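S.K.: Give me coordinates for this.
(2 chains)
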Amino acid sequence: MEQVLQTILLIGTTLFSIYIINKVRLKELELKYTFIWLFTCLAFFIMALFPSIIDFAAHILAVKSSVNALFLIIIFFMLLILFSLTASASKQSGIIKTMVQESGILHMKMREFEEELKNKKFI
Amino acid sequence: MDLHNRERNMLNVLIIIPAYNEGKNLPELIGIMRSKCSGYDFIVINDCSTDNTAQICKSLACRHINLSAKLGIGGSVQTGIKYAFINGYDIVIQVDGDGQHDPSYINLMIEKIRNGANVCIGSRFLEKEGFQSTRIRRFGICFFSGVLKGLTGEKFSDPTSGFRAWDKNAIEYFSKDYPKDYPEVETIIMLVRRGMRIEEVPVIMSQREHGRSSITFIRSIYYIFKVTISLLILKISVKE
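M.R.: You can find the predicted model right below:
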């Protein structure tokens, strides 16, 4: 791996990890959803530190250039992150559905209760 | 009061009317409901309509639930089922808000449930009368009938019909788990897997008078694709 790319990866993953941790600290991101990003950063940090891992991966995957193997690994991590987002969106959608349904039923009951009170002249 | 009417009144029946932008169809439907189904409760589930559905319900003084976000047909119907479950209803009947379902058949459906069926589906193809749907939908219906026959061994002539009645067991089950979009066909396989008895009654459906159906050509293709995959996954999933 080129030294420039190695340096960019080392600095990039370190800064990005600090950024994520800061977001968690400020309660702008939920810790459990940042694990996959932190794990990705750590993986790339290690790969930048020990480029022979990428050379080995290129050999295993029968990819001619190590840089191409690196891109392949990046795509793999991106797909992993996308999948985790899909799973999270599905879960949230179920929760939102239940909340909308229950708030609809509650609103109706509240409206009817208010009308009942109005008819009895309590309001 | 004769015995039939006394028994009829003893059953706690809720008619749910899912409605999305049905402001023009609702007044007539509610009028028919009040004249033909006076012994039963009914509730409109307004699926975050952008027209005046909510105001129409209010002005007609009919019980209605306004959903704060659009949940689609599955989410709307399940809201009604949840309401029925919470309030201890014995039978729930779904009548679409577009006026295609004739409430005169409701008594026939209740009769089927009283005779032991868990679910009763109003089928427009048993006697092939009235509006028989568009060509693409008829193809879809035929296709799903075949898929269901293959997966369950049972024949359903109108698996996409939304004109349905559910008994207490089905109400309890669906209050917890109900498909979100295009639920009709999926629910059949869910019920069969739980060993519930499904029966069909012949009904005549009419064409909607106002507004557009949500199922366009492209959505029909997606409908067939999505529901087929769902059915296959349901078939191989573990029984509860």
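
S.K.: From now on I want contacts and neighbour counts done on CA atoms only, so please keep to that.
M.R.: Will do.

S.K.: State the mean pLDDT of the longest helix seen in chain B.
M.R.: Secondary structure of chain B per DSSP state H: the longest helix is helix B:217-236. For helix B:217-236, mean pLDDT rounds to 84.

S.K.: Could you do stretch B:142-153 as well?
M.R.: Stretch B:142-153 comes out at a mean pLDDT of 91.

S.K.: From the chain's centroid, how far away is it?
M.R.: Relative to its parent chain, stretch B:142-153 has a centroid offset of 19 Å by Cα atoms, centre = their mean, to the nearest Å.

S.K.: about what we covered before: which other helices and strands contact the longest helix of chain B?
M.R.: helix B:135-152, helix B:183-193 (3 or more Cα pairs under 8 Å, 6 or more residues apart in numbering or on different chains; DSSP states H and E).

S.K.: what's the closest of the ones you listed to residue B:228?
M.R.: helix B:135-152 (7.8 Å; Cα to Cα).

S.K.: Would you mind listing what in chain A touches chain B?
M.R.: By the rule Cα under 8 Å from any Cα of the partner chain, the part of chain A lying against chain B is A:97, A:100-105, A:107-108.

S.K.: Kindly recompute the last result at 6 Å.
M.R.: A:101, A:104, A:108 (Cα under 6 Å from any Cα of the partner chain).

S.K.: Tell me, how many residues neighbour residue 111?
M.R.: Using chain A. Look at residue A:111: counted by other Cα atoms under 10 Å in any protein chain shown, it has 13 neighbours.

S.K.: should've been chain B
M.R.: Residue B:111: 13 neighbours (other Cα under 10 Å).

S.K.: Look through chain A and tell me its longest helix.
M.R.: helix A:66-119.

S.K.: so for it, what's the average pLDDT?
M.R.: 92.

S.K.: for that helix, packing partners?
M.R.: helix A:52-60, strand B:64-66 (3 or more Cα pairs under 6 Å, 6 or more residues apart in numbering or on different chains; DSSP states H and E).

S.K.: switch the cut-off to 8 Å
M.R.: Applying 3+ Cα pairs under 8 Å, 6+ apart, we find helix A:66-119 packed against helix A:31-49, helix A:52-60, strand B:64-66, helix B:72-86.

S.K.: Go through the helix or strand where residue B:120 lies and flag the buried ones.
M.R.: Using DSSP states H and E, the element containing residue B:120 is strand B:119-123. For strand B:119-123, burial by neighbour count (16 or more other Cα atoms under 10 Å in any protein chain shown) applies to B:119-123.

S.K.: same for that strand, what does it pack against?
M.R.: helix B:106-114, strand B:164-166, strand B:198-202.

S.K.: Which strands border the shortest one, and is each parallel or antiparallel?
M.R.: Taking DSSP bridges as the criterion, strand B:164-166 pairs within the sheet with strand B:91-94 (antiparallel), strand B:119-123 (antiparallel).

S.K.: now the angle between helix B:72-86 and the helix or strand following that strand, please.
M.R.: Helices and strands here follow DSSP H and E; after strand B:164-166, the next one along the chain is helix B:168-176. Using axes from the mean of the first three to the mean of the last three Cα atoms, to 10 degrees, the inter-axis angle of helix B:168-176 relative to helix B:72-86 is 120 degrees.

S.K.: now helix B:168-176: how far from the chain's centre is it?
M.R.: Distance, centroid of helix B:168-176 to centroid of chain: 14 Å (Cα atoms, centre = their mean).

S.K.: So is it next to chain A?
M.R.: No: contact of helix B:168-176 with chain A (Cα under 8 Å from any Cα) is absent, the minimum separation being 9.7 Å.

S.K.: Quick check: residues of chain B near chain A?
M.R.: Proximity of chain B to chain A, by Cα under 8 Å from any Cα, involves residues B:64-69, B:71, B:75-76, B:79, B:83.

S.K.: quick one, what contacts the residue lying closest to residue A:55 once chain neighbours are set aside?
M.R.: Nearest residue to residue A:55, sequence neighbours excluded (Cα to Cα, 6 or more residues apart in numbering or on different chains): residue A:66, at 5.4 Å. When contacts are counted by Cα atoms under 8 Å, 6 or more residues apart in numbering or on different chains, residue A:66 touches A:1, A:54-55, A:57-58.

S.K.: Quick one: mean pLDDT over stretch B:118-136.
M.R.: Stretch B:118-136 comes out at a mean pLDDT of 81.

S.K.: Just want the most central residue of chain A.
M.R.: Among the residues of chain A, the one closest to the centroid is residue A:33, at 5.0 Å (Cα atoms, centre = their mean).

S.K.: related to what we said a few turns ago, possible to save the helices and strands packed on helix B:217-236 as CSV with mean neighbour count?
M.R.: Formatted as CSV, the helices and strands packed on helix B:217-236 follow (neighbours: other Cα atoms under 10 Å in any protein chain shown):
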stretch, mean neighbour count
helix B:135-152, 16
helix B:183-193, 19
